[in-house]
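Q: Could you work out the structure for the sequence below:
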Amino acid sequence: MEINIAETHIRLQTDIMNHDLESYIRSIRADLKRYIASNPDFLHSFTPLESDDENLTQIVSKMYESSNLCDVGPMACVAGTISEMALDYLMALGSKKSIVENGGDIALVNDRTVLCGIYSGNEILGNDIAFKITKRKSPLGICTSSGKIGHSISLGAADSVTVISESSSVADGLATRIANDVKGADSEDNVVNAAETAEEFRELFDGALIICENNVATVGRLPKIVETNKFEVNKI
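A: So this is what the prediction gives:
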């Protein structure tokens, strides 16, 4: 099913029948909008911010925490944070298999093997490869940033940077942070520089995949990459 609320575009697979996830997402989006209305820097900053407010809502608190860990502005973590909180909500209802994708930023838990397609817009790699995610009981985040596709702001030239972490909020921030450093004299230099940045945050993620033109770099441990049938990419 799909849940579309303003900038939030959720594609959902879940084993929970009566979840009313849309109402929950509306409520946390409302929390975020109220906070931004009185704290506009939270919306516009490209760098981490601090807050001494002890009464922050969960979504705002998580975005502060993740953005500070990843050295990015809070909004760099918004899509992954919503995915993560939506998955937590479903798991609290007893879900053993849910996949929440929010504009390409994924939070999942799976009691069976699933394939997660890798899309970078790269003509060489195409759209017929995927991560093979073996079954697990704990959440996993798979988030992607690009300097060439999508609506999010990226300061680099990446076809895509995908980060896999236990937290999709953190994975979202790190994908942005690493993608910002896909810069250099040529595409090889771009991925080398980005890989060096990824190493600086190594304790925060499992693996990262960096793609720029005909160069690819990996950092950490990624799931097995397998061939798949070509898949359709829905651009919302």
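
Q: tell me the SS of Glu101?
A: Taken by DSSP: H, G, I helix; E, B strand; the rest coil, the conformation at Glu101 corresponds to strand.

Q: measure it to Arg26 for me?
A: Distance of Glu101 to Arg26, computed by Cβ to Cβ, to the nearest Å: 18 Å. For glycine as for every other residue, the C-beta is placed from the backbone atoms N, C-alpha and C.

Q: So which of these two has more stuff around it?
A: Between Glu101 and Arg26, counting by other Cβ atoms under 10 Å, Glu101 is the more crowded of the two (22 against 15).

Q: okay, now the nearest residue to the more buried one once chain neighbours are set aside: neighbour count?
A: Nearest non-adjacent residue to Glu101, counting by Cβ to Cβ, 6 or more residues apart in numbering: Arg11, 4.5 Å away. Around Arg11 sit 17 other residues, with neighbours defined as other Cβ under 10 Å.

Q: what helix or strand does Arg11 sit in?
A: In this assignment (DSSP states H and E), Arg11 forms part of strand 8-14.

Q: from the middle of its chain, how far away would that strand be?
A: 13 Å (Cα atoms, centre = their mean, to the nearest Å).

Q: Buried ones in it, by neighbour count?
A: Neighbour counts over strand 8-14 (16 or more other Cβ atoms under 10 Å) mark 8-12, 14 as buried.

Q: Identify the bridge partners of the nearest residue to Thr14 once chain neighbours are set aside.
A: Distance criterion Cβ to Cβ, 6+ apart; nearest residue to Thr14, sequence neighbours excluded, is Ser98 at 4.1 Å. On the basis of DSSP bridges, Ser98 is bridged to Thr14, Val109.

Q: hmm, who's touching the strand holding Arg11?
A: With contact meaning Cβ atoms under 8 Å, 6 or more residues apart in numbering, strand 8-14 is reached by 1-4, 21, 25, 29, 79, 82-83, 86, 90, 95, 97-103, 234, 236.

Q: Now do the helix or strand just after it against strand 8-14, angle only.
A: As assigned by DSSP H and E, the chain's next helix or strand after strand 8-14 is helix 21-38. Calculated by axes from the mean of the first three to the mean of the last three Cα atoms, to 10 degrees, helix 21-38 forms an angle of 150 degrees with strand 8-14.
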